[in-house]
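*Asks:* Give the three-dimensional model of this entry:
(2 chains)
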Number of protein chains: 2
Amino acid sequence: MGEVVECVPNFSEGRRKEVVERIVDSIGSVPGIKILDVEMDGDHNRSVVTFVGNKSSIQEGAFRGASAAAELIDLNKHKGEHPRMGALDVLPFVPIQGVTMQECAEIAAAVGERISKLLKIPVYLYESAARSPDRKNLEKVRKGQFEGLRESIVTDDTKYPDFGPRQVHPTAGAVAVGARMPLIAFNINLESKDLQAAKDIARKIRTSSGGLPHLKALGFDLKERGLVQVSMNLTDYTVTPISRVFDEVKKEADARGIEIAESEIIGLIPLDAVCDITARFLKLEQFDSNQVLERRIWC
Amino acid sequence: MGEVVECVPNFSEGRRKEVVERIVDSIGSVPGIKILDVEMDGDHNRSVVTFVGNKSSIQEGAFRGASAAAELIDLNKHKGEHPRMGALDVLPFVPIQGVTMQECAEIAAAVGERISKLLKIPVYLYESAARSPDRKNLEKVRKGQFEGLRESIVTDDTKYPDFGPRQVHPTAGAVAVGARMPLIAFNINLESKDLQAAKDIARKIRTSSGGLPHLKALGFDLKERGLVQVSMNLTDYTVTPISRVFDEVKKEADARGIEIAESEIIGLIPLDAVCDITARFLKLEQFDSNQVLERRIWC
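*Replies:* Sure thing, here's the model as predicted:
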């Protein structure tokens, strides 16, 4: 295996299966692209597609997805719980193997420029592809959503797009194109019905309250199961390892006399993260994914 | 990825690089074979080659390796610390993916029969390929080694080979062909100079003294580092997980007031074993290697 870039576009359509299929087909029509996952969410009226390719094919696949979304989705008719500003709403590129974050940022810029020119859609570069600090945060970039941005892109100078026209596309809106680390969605369920305890632990450990870096966390009630949950997103497992998060939640739970019932990893996790967990728990002096048999077979 | 069979032949030559290279080249000349690893050991005068293929190519690769070894190695001139009875000494087949242990035992029998017929070398089927209980254990099959077997194969009826002539090949000896699970070599180093403690812990946990199943263990002194080591081989991680072994050694060390300094995995480890460690330490309710991103990419 040579270089691998992952792309995880979010589209503002989670109900019409045939629309999502046409978008996925247009991405998958690029030679060398492999579709790994498609998640449709009806409540959010949003779909998340995960695909991989090399530095060249990933750009073509991403552009074809953007193109199909602009053709098939009319944001004026879109309603859903999730905030959004575009038919293709966000387009992150993720370094997996043999490619740097800097290169993913360059890919984001190249694809963003192409989308703006050929599809006439304004493009905001976010996170590691951002060209100014206030564009790093996706929530901030998307604030006001499609409806709000229609005005603010014209009136508010901080809303000037990185590429493309200073007006939203009439049906496809605007798009945030970025580069980021792989996300890991990790939940820990606590043997307790004390929702406040889960919320307190979440607040204690998350970045926004001064806890661990690159960690988002919320407390939830799992009423049907009689448990509470600390639900987390790790945005850089190389800085904050999962094992560290687990130990920290365990420490906080212990202090409250609460036991960990079980945990869960939602979706996919990079091999390096799994190897890192193994190495830390077993106190392995030296260990990396090159020692994994299948990696030798596949690569 | 379809079916994957691993083959890990041990050759009685660990010093003459050109000989090992010719053997490896003859194995690698089979289309579809991938050589994963070659380890030459001068003290043991022995080499271990690891390669993978499908159910068909693995047989051809194994036979070509046996053939090259018979041509290039003269056991009469071989000296080394490791016990051996053949130029190609042992030939295990290991199920990795899409193949059962039973199929690997059938492959072992087919390749063993071919070696016996075409190369005139007596073949003993061992471990999961064994056809009687006393052939399961490799050490027992190899007892007496090349020199001893020359006589006992004729005089001792328990030494009757599964295939081939009832006399050792004059230069290539005999070969043990088998099927087994992937081996995991795992060492735990203890923050102590007490060799007896390491030996006691090893005895306590290993199968042969009534400890954990599928576990070999010995205590060693790491004099230069001022540590002692419990050195282990796990012969079936699906029955005795590494995390269980780690916990058991930790418990025994704790009871003696000794801390674990670090541990090490020698060589390769199957992805499923790494995922199992991750799942157990994080108390993951449901987790398997299908959630590993790279597996989705490669398979």
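
*Asks:* can you list the weak-confidence ranges in the stretch 1-150 of chain A?
*Replies:* Counting by pLDDT under 70, the stretch 1-150 of chain A contains low-confidence ranges at A:1.

*Asks:* Show me what from it comes close to chain B.
*Replies:* Neighbours of chain B within the stretch 1-150 of chain A, by Cβ under 8 Å from any Cβ of the partner chain: A:1, A:4, A:6, A:34, A:36, A:37, A:52, A:96, A:97. C-beta: built from backbone N, CA, C; applies to glycine.

*Asks:* Tell me which of the residues you listed fall in strands.
*Replies:* When the residues of the stretch 1-150 of chain A next to chain B are checked against strands (DSSP state E), the matches are A:4, A:6, A:34, A:36, A:37, A:52, A:96, A:97.

*Asks:* Buried ones only from those, please, as a ChimeraX command.
*Replies:* Those of these that count as buried under 16 or more other Cβ atoms under 10 Å in any protein chain shown are selected in ChimeraX with:
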select /A:4,6,36,52,96,97
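
*Asks:* ok, of the ones in strands among the residues of the stretch 1-150 of chain A next to chain B, which one's closest to residue B:207?
*Replies:* Nearest to residue B:207 out of those is residue A:97 (Cβ to Cβ; 39.1 Å).

*Asks:* Bridged to that closest one, which residues?
*Replies:* For residue A:97, the residues forming beta bridges with it (DSSP bridges) are residue A:4.

*Asks:* Can you spell out the domain ranges of chain A, please?
*Replies:* Domain ranges of chain A: A:4-179, A:184-294, per automatic domain parsing.

*Asks:* picking up where we left off before, possible to save the ones in strands among the residues of the stretch 1-150 of chain A next to chain B as JSON lines with distance to residue A:266?
*Replies:* What follows is these, written out as JSON lines (distance: Cβ to Cβ, whole Å):
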{"residue": "A:4", "distance to residue A:266": "22"}
{"residue": "A:6", "distance to residue A:266": "16"}
{"residue": "A:34", "distance to residue A:266": "21"}
{"residue": "A:36", "distance to residue A:266": "15"}
{"residue": "A:37", "distance to residue A:266": "12"}
{"residue": "A:52", "distance to residue A:266": "19"}
{"residue": "A:96", "distance to residue A:266": "19"}
{"residue": "A:97", "distance to residue A:266": "22"}
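
*Asks:* how about the ones in strands among the residues of the stretch 1-150 of chain A next to chain B, which pair is most distant?
*Replies:* Spanning the widest gap among these are A:37 and A:97, at 17.7 Å by Cβ to Cβ.

*Asks:* Next, count neighbours for the residue in the stretch 101-250 of chain A that chain B sits nearest to.
*Replies:* Per Cβ to the nearest Cβ, the residue of the stretch 101-250 of chain A with the smallest distance to chain B is residue A:246, at 5.6 Å. Using other Cβ atoms under 10 Å in any protein chain shown as the criterion, residue A:246 is surrounded by 20 other residues.

*Asks:* my read: it touches residue A:264, true?
*Replies:* No. The pair residue A:246 and residue A:264 does not pass the contact test of Cβ atoms under 8 Å, sitting 11.9 Å apart.

*Asks:* Which residue is it, in the stretch 51-200 of chain A, that comes closest to chain B?
*Replies:* For the stretch 51-200 of chain A, Cβ to the nearest Cβ, closest residue to chain B: residue A:52, 5.4 Å.

*Asks:* Can you show me the helices along the stretch 151-299 of chain A?
*Replies:* Defined through DSSP state H, counting those that start in this stretch, the helices belonging to the stretch 151-299 of chain A, from first to last, are A:195-205, A:242-255, A:271-281, A:293-298.

*Asks:* Highest mean neighbour count out of those?
*Replies:* Of all the helices of the stretch 151-299 of chain A, helix A:271-281 has the most neighbours on average by mean count of other Cβ atoms under 10 Å in any protein chain shown, namely a mean of 23.

*Asks:* and the longest helix along chain A, C-alpha only, in PDB?
*Replies:* Taking residue count as the measure and DSSP state H as the definition, the longest helix of chain A comes out as helix A:101-119. Provided in PDB are the C-alpha atoms of helix A:101-119 (Å, rounded to 0.1, in the frame of the first residue of the first chain):
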ATOM      1  CA  MET A 101      -1.400  16.900   7.200                       C
ATOM      2  CA  GLN A 102       0.200  19.700   5.200                       C
ATOM      3  CA  GLU A 103      -0.400  17.700   2.000                       C
ATOM      4  CA  CYS A 104      -4.000  17.200   3.000                       C
ATOM      5  CA  ALA A 105      -4.400  20.900   3.600                       C
ATOM      6  CA  GLU A 106      -3.000  21.500   0.000                       C
ATOM      7  CA  ILE A 107      -5.400  19.000  -1.400                       C
ATOM      8  CA  ALA A 108      -8.300  20.800   0.400                       C
ATOM      9  CA  ALA A 109      -7.200  24.100  -1.100                       C
ATOM     10  CA  ALA A 110      -6.900  22.600  -4.600                       C
ATOM     11  CA  VAL A 111     -10.300  20.900  -4.400                       C
ATOM     12  CA  GLY A 112     -11.900  24.000  -2.800                       C
ATOM     13  CA  GLU A 113     -10.600  26.200  -5.600                       C
ATOM     14  CA  ARG A 114     -11.900  23.800  -8.200                       C
ATOM     15  CA  ILE A 115     -15.400  23.700  -6.600                       C
ATOM     16  CA  SER A 116     -15.500  27.500  -6.400                       C
ATOM     17  CA  LYS A 117     -14.500  27.900 -10.000                       C
ATOM     18  CA  LEU A 118     -16.500  25.200 -11.800                       C
ATOM     19  CA  LEU A 119     -19.600  25.000  -9.500                       C
END
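
*Asks:* in chain A, what residue is nearest chain B?
*Replies:* residue A:298 (3.6 Å).

*Asks:* Give me the distance between that residue and residue B:239.
*Replies:* Remark: distance between residue A:298 and residue B:239 (Cβ to Cβ, to the nearest Å) = 26 Å.

*Asks:* what do you get for residue A:16?
*Replies:* The span separating residue A:16 from residue B:239 equals 49 Å under the rule Cβ to Cβ.

*Asks:* With chain B in mind, check whether stretch A:256-273 reaches it.
*Replies:* Yes. Legend: contact between stretch A:256-273 and chain B by Cβ under 8 Å from any Cβ is shown at A:260, A:261, A:262, A:263, A:264, A:265, A:267, A:268, A:269, A:270, A:271.

*Asks:* burial measure for the nearest residue to residue A:235 once chain neighbours are set aside, as a count.
*Replies:* In space, residue A:235 comes closest to residue A:214 once its chain neighbours are excluded; the distance is 4.5 Å by Cβ to Cβ, 6 or more residues apart in numbering or on different chains. Neighbouring residues of residue A:214 were enumerated by other Cβ under 10 Å; the total is 18.

*Asks:* I figured residue A:214 hits residue A:242, correct?
*Replies:* No. In terms of Cβ under 8 Å, residue A:214 does not count as a neighbour of residue A:242; the distance is 11.3 Å.

*Asks:* Next up, the contacts around the one residue sitting closest to the centre of chain A.
*Replies:* To find the centre residue of chain A, average its C-alpha atoms and take the closest one (Cα atoms, centre = their mean): that gives residue A:183, at 5.8 Å. Applying Cβ atoms under 8 Å, 6 or more residues apart in numbering or on different chains, we find residue A:183 in contact with A:233, A:234, A:235.

*Asks:* ok, now residue A:233?
*Replies:* For residue A:233, the contact set (Cβ under 8 Å, 6+ apart) comprises A:183, A:184, A:185, A:186, A:215, A:216, A:217.

*Asks:* per-residue confidence at the first one?
*Replies:* Turning to residue A:183, the model gives it a pLDDT of 94.

*Asks:* buried residues in whichever helix or strand residue A:147 is part of?
*Replies:* According to DSSP states H and E, residue A:147 maps onto helix A:145-155. The neighbour-count check on helix A:145-155 (16+ other Cβ under 10 Å) flags A:145, A:146, A:149, A:150, A:153 as buried.
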